[in-house]
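Colleague: everything below, folded, please.
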Amino acid sequence: MKGRTICSAALLALALCGAGASPAAAETTESAATSPVSWSMAEGVDVAAINSDLVAGRPTVDIGIYIPSNFDEGFEKVTLPSMMEAFQAAKEIYAPTGVQLNLLFVKTGEIDERFLAIQSNEIPRIPDTEYVNSYVASKRHPSEMTNMAKAAFESIVEPDVANSRTVYLVALQDVIFPFLEVAEGRNWTVKMVRTGGLSFPTYSYHDTLPERLRGIISITNLSTPSRKRRTIAHEIGHKVMNVSHEYKTTNPAHEIYAEGGLMLYGAGEDIPSGEEGRWHLERLLMSPFVYRLDEQGRKQWNPDYKEGGHYYDPLYGEKVVHFPGVSEMDPDW
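Modeller: Here you go, the predicted model:
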């Protein structure tokens, strides 16, 4: 995720609410009811052919794809061909794990133009300090999806009995992610990053996500070969492994550029196993988004989260890493 913009909290609040508007008014506008999108199947996509390699009984994740038909003129960072190429790459990356990706549909339709660009979550109120690690901090103070994002995804995702078990790849133009970063001493600054993909993972959002929307992944940039190869696979990793940017001896951070693992920023595609691999493969296979077809063709889902899906959810048992908290703050503040 590149291209960050630094904002002060005051200026950011003004930008969100609009000149002369109150925060309450902005909240009401964002949460206003929006009509469901009228979707139709995308032409030229042979879903059956794409799924022809699936084997009954193997661990499987269901994927639905939504692509707006009313992108602004000039937006070409996500197209139907690039989305399908990226999905096929994700299938290849997960194949060595034994997990297969089942494409449910690829749909297109005109979404509310307000939702072509959204702010993903509310500005964090409590920054991480050195006393607990980032996963514990997120459980105590989880991220919260904005009302704008909720309204957008409520209008986009069609109601289904398996909504909470299905991963949805939603193409948008911009999804802006705000976070706190140490400035100097004991001061933090609000930063906003323009994302290429955002997984809305439960290790960060914990139990604040509407259950129907917990499978949402936004995709906003597939414009380079490396993005087409790894973006979807990487974001699915956040969702189904339920881990941040980490790999073997590398603890989580907002951005880690290094080679090796799928969950770092780089060219890596490794999904390691065991304690030395931070249990990535094991957590993937335990995911509530994974099922297996029985002999009658019925989906047998993995057990669901027991505590909303935080990183240390009892679902994972010992398949967790207890690492110390760290801080970039001046220790002599």
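Colleague: the nearest residue to residue 201 once chain neighbours are set aside: what secondary structure?
Modeller: Once flanking residues are discounted, residue 201 sits nearest to residue 238: 4.5 Å by CB to CB, 6 or more residues apart in numbering. Any C-beta I mention is one placed from the backbone N, CA and C, and that applies to glycine too. When classified by DSSP: H, G, I helix; E, B strand; the rest coil, residue 238 comes out as helix.
Colleague: which residues touch residue 238?
Modeller: Shown in contact with residue 238 (CB atoms under 8 Å, 6 or more residues apart in numbering): 199, 201, 203, 244, 263.
Colleague: which ones among those lie within helices?
Modeller: Counted as lying in helices by DSSP state H, out of those, are residue 203.
Colleague: got the contacts of residue 238 as TSV, with distance to residue 215 and pLDDT columns?
Modeller: Output for these, formatted as TSV (distance: CB to CB, whole Å; pLDDT from 0 to 100):
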residue	distance to residue 215	pLDDT
199	10	98
201	11	98
203	15	97
244	18	96
263	18	96
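Colleague: just say helix, strand or coil for residue 71.
Modeller: Quick answer, by three-state DSSP: residue 71 is coil.
Colleague: please read the previous query as pertaining to residue 282.
Modeller: Under three-state DSSP, residue 282 falls in the helix class.
Colleague: what count of nearby residues applies to the closest residue in space to it that isn't next to it in sequence?
Modeller: Excluding the flanking residues, the one nearest residue 282 by CB to CB, 6+ apart is residue 319, at 4.8 Å. Residues lying near residue 319 (other CB atoms under 10 Å) number 17.
Colleague: try residue 302
Modeller: Neighbours of residue 302 (other CB under 10 Å): 15.
Colleague: related to what we said a few turns ago, from residue 202, how far off is the residue nearest to residue 201?
Modeller: The gap separating residue 238 from residue 202 is 9 Å, by CB to CB, to the nearest Å.
Colleague: mutual contacts of the two, please.
Modeller: Contact with both residue 238 and residue 202 is made by no residue, according to CB under 8 Å, 6+ apart.
Colleague: which pLDDT value goes with residue 310?
Modeller: As predicted, residue 310 sits at a pLDDT of 98.
Colleague: verify the contact between it and residue 205 for me.
Modeller: No - using CB atoms under 8 Å, residue 310 makes no contact with residue 205, being 9.2 Å away.
Colleague: any common contacting residues for those two?
Modeller: When contacts are counted by CB under 8 Å, 6+ apart, residue 310 and residue 205 are jointly contacted by residue 142.
Colleague: out of the contacts of residue 238, flag the one nearest to residue 71.
Modeller: When the contacts of residue 238 are ranked by distance to residue 71 (CB to CB), residue 199 comes first, at 21.4 Å.
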